[in-house]
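Engineer: no sequence on this one, just coordinates:
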């Protein structure tokens with residue numbers, strides 16, 4: 001039979017074993033708590049970063065159209081030709097006078113580009129108008145699918161009807177022949193506003209250049225708006241433009 005000292009020692013050993021077990025459990029709990037805290041913090045940071053990225057995407061991405069001008073603003077209507085004059089057109093898709101200029105001068109500009117006489121660099125400005133901003137974003141997105149000239153023209157033709165989402169996502173893309181993957185890629189670009197930052201940069205650049213109204217025409221850096229305006233007809237005169245372009 002165990003004596004009293006043995007009993008006391010056995011109890012002490014049991015208590016010590018319980019204490020050690022409790023200490024180990026407490027350490028495991030502390031470690032688990034710390035790991036859980038780190039995971040929660042990482043999750044919070046990830047959500048915050050995602051939120052910032054989402055907000056940035058909503059304001060517009062930074063994709064540059066493939067036919068962007070040399071200063072990363074403006075879009076060429078056709079591949080630039082060495083030695084040709086450069087006509088910079090600052091315009092706005094919601095501007096009635098810009099529409100009139102496009103309809104009046106478009107055929108002359110197309111002929112001049114085909115003859116290699118002029119490089120036309122188009123700046124679509126969106127001064128504080130969501131409608132003009134959306135139209136400019138759509139036009140820039142169309143350049144990735146190789147239909148910018150036609151899309152640009154259709155925007156002016158559509159101007160009187162306005163630029164509802166269905167017009168920019170379906171009507172005009174159909175008119176310029178976008179189908180299948182090309183249509184899907186265009187729609188994704190527009191919906192995500194992938195060219196939004198580019199459009200903003202065009203507007204900012206135009207403002208810094210002192211462009212106060214649209215349309216503005218700069219031929220090799222010289223404003224020719226008054227030279228091609230016919231006060232007798234209150235329209236831009238294609239014959240006056242032909243003379244300046246040497247046609």
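Structural biologist: The structure has been received and is ready for your questions. Note that the structure is predicted; figures quoted are calculated from it, not measured. Numbering: from 1, shown residues only.
Engineer: against residue 137, how distant is the residue nearest to the spatial centre of the chain?
Structural biologist: The centre of the chain sits closest to residue 195, judged by CA atoms, centre = their mean, with a distance of 1.6 Å. Applying CB to CB, to the nearest Å, the value for residue 195 to residue 137 is 5 Å. All C-beta atoms are positioned from the backbone trio N, CA, C, and that covers glycine.
Engineer: contact partners of stretch 186-206?
Structural biologist: Here stretch 186-206 makes contact (CB atoms under 8 Å, 6 or more residues apart in numbering) with 57-65, 68, 71-74, 90, 123-127, 133, 136-138, 140-142, 144-145, 168-169, 173, 178.
Engineer: mind redoing it with 6 Å?
Structural biologist: Here stretch 186-206 makes contact (CB atoms under 6 Å, 6 or more residues apart in numbering) with 60-64, 73, 90, 123, 125-126, 136-138, 140-141, 145, 169, 173, 178.
Engineer: ditto for stretch 154-172
Structural biologist: Stretch 154-172 has contacts (CB under 6 Å, 6+ apart) with 93, 99, 102, 131, 134-135, 138, 175, 187.
Engineer: how far does it sit from the chain's center?
Structural biologist: Going by CA atoms, centre = their mean, to the nearest Å, the spacing between the C-alpha centre of stretch 154-172 and its chain's C-alpha centre is 18 Å.
Engineer: next one: stretch 103-110
Structural biologist: Distance of stretch 103-110 from the chain centroid (CA atoms, centre = their mean) equals 27 Å.
Engineer: pLDDT of it, averaged?
Structural biologist: Averaged across stretch 103-110, pLDDT comes to 96.
Engineer: can you give me the buried ones in that stretch?
Structural biologist: Counting neighbours by 16 or more other CB atoms under 10 Å, one finds that the buried residues in stretch 103-110 are 104-106, 108-109.
Engineer: farthest pair within these?
Structural biologist: Maximum pairwise distance among the buried residues of stretch 103-110 (CB to CB): 10.2 Å, between 104 and 109.
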